[in-house]
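**Student:** The following comprises the amino acid sequence and a computationally predicted model.
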Amino acid sequence: MKMHLKILPGFILIAAFLVTLPGTLLAEDEFSAKGADNCLMCHRTDKWKVMPIFNTKHGSQVDPDAPFSNHQCEACHGPSLAHVKAKKKAEVQPKVVFGDNANVSAGEQNEMCLSCHVSHEGMGWMGSAHENADVTCVSCHDIHAERDRMFDPLEQQQVCFDCHQRVRSDIHKASGHPLRFGNMSCSDCHNVHDGNNDFLLTEDNVNDTCYTCHAEKRGPFLWEHAPVTDDCTLCHDVHGSNHPAALTKRPPLLCQQCHSAAGHPGTAYTSEDIDQSPADRFMLSRSCMNCHSQVHGSNHPSGNTQIR
């Protein structure tokens, strides 16, 4: 009896191990044995539009980093053996369903993507404006499509405009960037995966982002114009404007927001206010820029008046 009491704890430990063993193997057992072959028995029809994935990097079976080199469909949708075995598929969903009919939160959907896409901008996603708004990766990206719509400038805009509807109207104004012609895309200025700066810009600030194209405005100049060195958007509406050069207001009204005196009239002139004197006529056409043409900065020896 004493011997049995001594070996009893050992039996308890072994029994506990055997009980927990199936649980440790369960995660692997939940994956279907045939992988995508099971899925495509139903999902290969045009209704689901999944077949183009085999022409993408995600569908590569020779790339060790691609989902299809491992658990195939279940690498993203999670172990779904129960769904495969179910007679009524709609009642037993895969572990992770994406998109409008998702059965998990936006964070859990994105977690599946970020398990692979952790490099470059991926780390900046956490805490970004899009992440806080519960935007999911599949809100913008079509994973099963042969070519992701986000790589086409015109299609990318339509995806962005689904939420940013004011910008949709702004790009059709008289002056602005050539977005509506497909000559540039939203991602030329915005890094949508990174929340490390305001407006999700590709560079650290507004001006550095603008200088990637408008390098001639960077300077340095002998005479700097303070608003230019501070923030381009103080004078320019970058998504579009009905004023020349995408200005926020028509000159001289724009200039007179700061230059209300200093030897020039402080009156906010319009075309009706201009007299017929020679001095007043200089306020027409290009307005202040008739004389102060180098408003972004000047090396003219006359001084800090940005004259030619």
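**Tutor:** Arrived safely. Residues are numbered from 1 along each chain as shown.
**Student:** Skipping adjacent residues, who's closest to the residue at minimal distance from the centre of the chain in space?
**Tutor:** Central residue of the chain (Cα atoms, centre = their mean): V192, 2.0 Å from the mean position. Spatial nearest neighbour of V192, chain neighbours left out: L200 (5.7 Å); criterion: Cβ to Cβ, 6 or more residues apart in numbering. All C-beta spots, glycine's among them, are computed from the backbone N, C-alpha and C.
**Student:** Verify the stated contact: the one you found with H190.
**Tutor:** Yes. Counting by Cβ atoms under 8 Å, L200 touches H190, with 4.9 Å between them.
**Student:** if I pick the residue nearest to V192, what's in contact with it?
**Tutor:** Contacts for L200 (Cβ atoms under 8 Å, 6 or more residues apart in numbering) come out as S128, A129, H130, H190, N191, V192, D194.
**Student:** Equivalent analysis for C210, please.
**Tutor:** K217, C232, V238.
**Student:** how about a cut-off of 6 Å?
**Tutor:** For C210, the contact set (Cβ atoms under 6 Å, 6 or more residues apart in numbering) comprises C232.
**Student:** follow-up on the earlier one: state the distance from the residue nearest to V192 to N132.
**Tutor:** 12 Å (Cβ to Cβ, to the nearest Å).
**Student:** One more: V92?
**Tutor:** 33 Å.
**Student:** what about the helices in the stretch 151-300 of the chain?
**Tutor:** Using DSSP state H, counting those that start in this stretch, the helices found in the stretch 151-300 of the chain span residues 153-161, 165-170, 206-211, 226-230, 278-281.
**Student:** go on, the stretch 1-150 of the chain?
**Tutor:** Under DSSP H, counting those that start in this stretch, the stretch 1-150 of the chain gives helices at 2-29, 36-43, 73-77, 81-85, 106-114, 129-132, 137-140.
**Student:** okay, and for the stretch 151-300 of the chain, where does confidence drop off?
**Tutor:** 261-286 (pLDDT under 70).
**Student:** can you do 80?
**Tutor:** Applying pLDDT under 80 to the stretch 151-300 of the chain flags the ranges 195-196, 260-287, 290.
**Student:** re earlier: got CSV for the helices of the stretch 151-300 of the chain, with distance to S260 too?
**Tutor:** Listed next are the helices of the stretch 151-300 of the chain as CSV, based on distance: least, Cβ to Cβ, whole Å:
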stretch, distance to S260
helix 153-161, 38
helix 165-170, 28
helix 206-211, 25
helix 226-230, 14
helix 278-281, 17
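**Student:** Number of residues surrounding W223?
**Tutor:** W223 has 17 neighbouring residues, counting by other Cβ atoms under 10 Å.
**Student:** State the distance from it to S260.
**Tutor:** For W223 relative to S260 (Cβ to Cβ), the value is 20 Å.
**Student:** try P220
**Tutor:** P220 is 28 Å from S260, by Cβ to Cβ.
**Student:** more crowded one of the two?
**Tutor:** S260 (12 against 8).
**Student:** Need the pLDDT of K6.
**Tutor:** pLDDT recorded at K6 is 44.
**Student:** What's the end-to-end length of stretch 86-106?
**Tutor:** 26 Å (Cα to Cα, to the nearest Å).
**Student:** same check, this time on stretch 81-89
**Tutor:** 11 Å.
**Student:** pLDDT on stretch 101-108, on average?
**Tutor:** Mean predicted lDDT for stretch 101-108 stands at 95.
**Student:** now do the same end-to-end measure for that stretch.
**Tutor:** Termini of stretch 101-108 sit 14 Å apart (Cα to Cα).
**Student:** just stretch 232-246 next, same as before
**Tutor:** Span of stretch 232-246 from end to end, Cα to Cα: 11 Å.
**Student:** what does it contact?
**Tutor:** By Cβ under 6 Å, 6+ apart, stretch 232-246 touches 167, 170-171, 173-176, 206-207, 210, 227, 247-248, 250.
**Student:** Can you report how many residues neighbour K88?
**Tutor:** If we define neighbours as other Cβ under 10 Å, then K88 has 6 of them.
**Student:** quick one, what contacts it?
**Tutor:** So K88 contacts nothing (Cβ under 6 Å, 6+ apart).
**Student:** Which pLDDT does the model give it?
**Tutor:** 92.
**Student:** ok, now how distant is it from L81?
**Tutor:** When K88 is compared with L81 (using Cβ to Cβ), they lie 15 Å apart.
**Student:** same deal with L222?
**Tutor:** 73 Å.
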